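**Student:** Generate a structure from the sequence data that follows.
(2 chains)
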Amino acid sequence: AQKITQTQPGMFVQEKEAVTLDCTYDTSDQSYGLFWYKQPSSGEMIFLIYQGSYDEQNATEGRYSLNFQKARKSANLVISASQLGDSAMYFCAMRDTRGGAQKLVFGQGTRLTINP
Amino acid sequence: EPEVTQTPSHQVTQMGQEVILRCVPISNHLYFYWYRQILGQKVEFLVSFYNNEISEKSEIFDDQFSVERPDGSNFTLKIRSTKLEDSAMYFCASSEAGGRKKKQYFGPGTRLTVT
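**Tutor:** Numbering: from 1, shown residues only, chains lettered A, B, ... in the order given. This next block holds a predicted model:
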């Protein structure tokens, strides 16, 4: 079964520092997609970044980048120059295409706190 | 950017009552989903819906749950007889047709509290 593991329940970082949030995954599929979502205290789920398993380049979206290491089955999120507004829960997710539904399987999340 | 909307934002109900959670997906999207997040836990898949029928459901989605697309815009989740353990945030999501790169757009969620 597909599984996402986020081993850091909480992270504390000083404002303007870079932060790496860990994500490892387990799948027997050769073709898959990995996503990161941000969930602020207001509760909504905000899409941040996507990485496809066949993408040769690591994905980047503004201050977000994904450190994709396929052999290690890891897809860590890197946030550069962190801001106070980055304080939130961050979820790593994988698209499970078995059954054709393309549902997302989420990790447990990491709560990131940015200190001023 | 287009967005998924959900109503109500917060629903309080008594155990055993029926609730209907409503969602308006993005207009040109074809795949619709419901997810659940119990407080402090991860987001869990409930059901997906495509071409006017359920395409997949999880073991959480038992006979107490049903989904419907009653018209061209709304997508609803009904819980027939709520239990205390149904208290959670319920997210609706939608995506364009197929494709591994197609991201799912999430609505703001409905917080369901069963007392």
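
**Student:** do you know how far the most centrally placed residue in chain B is from chain A?
**Tutor:** The centroid of chain B falls nearest to residue B:34 when counting by C-alpha atoms, centre = their mean (3.0 Å). Distance, residue B:34 to chain A, using C-beta to the nearest C-beta, to the nearest Å: 10 Å. In this view, the C-beta of every residue, glycine as well, is placed from N, C-alpha and C.

**Student:** In three-state terms, how would that residue be classified?
**Tutor:** At residue B:34 the chain is in strand, as set by DSSP: H, G, I helix; E, B strand; the rest coil.

**Student:** got a list of what it touches?
**Tutor:** Residue B:34 sits next to B:21, B:23, B:46-47, B:67, B:77, B:90-93 when contact means C-beta atoms under 8 Å, 6 or more residues apart in numbering or on different chains.

**Student:** and chain A, which of the residues you listed reach it?
**Tutor:** Intersecting the contacts of residue B:34 with the contacts of chain A gives B:91, B:93 (criterion: C-beta under 8 Å from any C-beta of the partner chain).

**Student:** Residue ranges in chain A under the pLDDT threshold?
**Tutor:** Scanning chain A for pLDDT under 70 picks out the ranges A:97-101.

**Student:** what ranges do the strands span in chain B?
**Tutor:** Here chain B has its strands, by DSSP state E, at B:5-7, B:10-13, B:19-24, B:31-37, B:43-50, B:53-57, B:65-68, B:75-79, B:88-95, B:105-106, B:110-114.

**Student:** Residue numbers of chain B in contact with chain A?
**Tutor:** Within chain B, the residues that sit near chain A (C-beta under 8 Å from any C-beta) are B:31, B:33, B:35, B:41-45, B:48, B:50, B:55-56, B:89, B:91, B:93, B:95, B:98, B:100-109, B:111.
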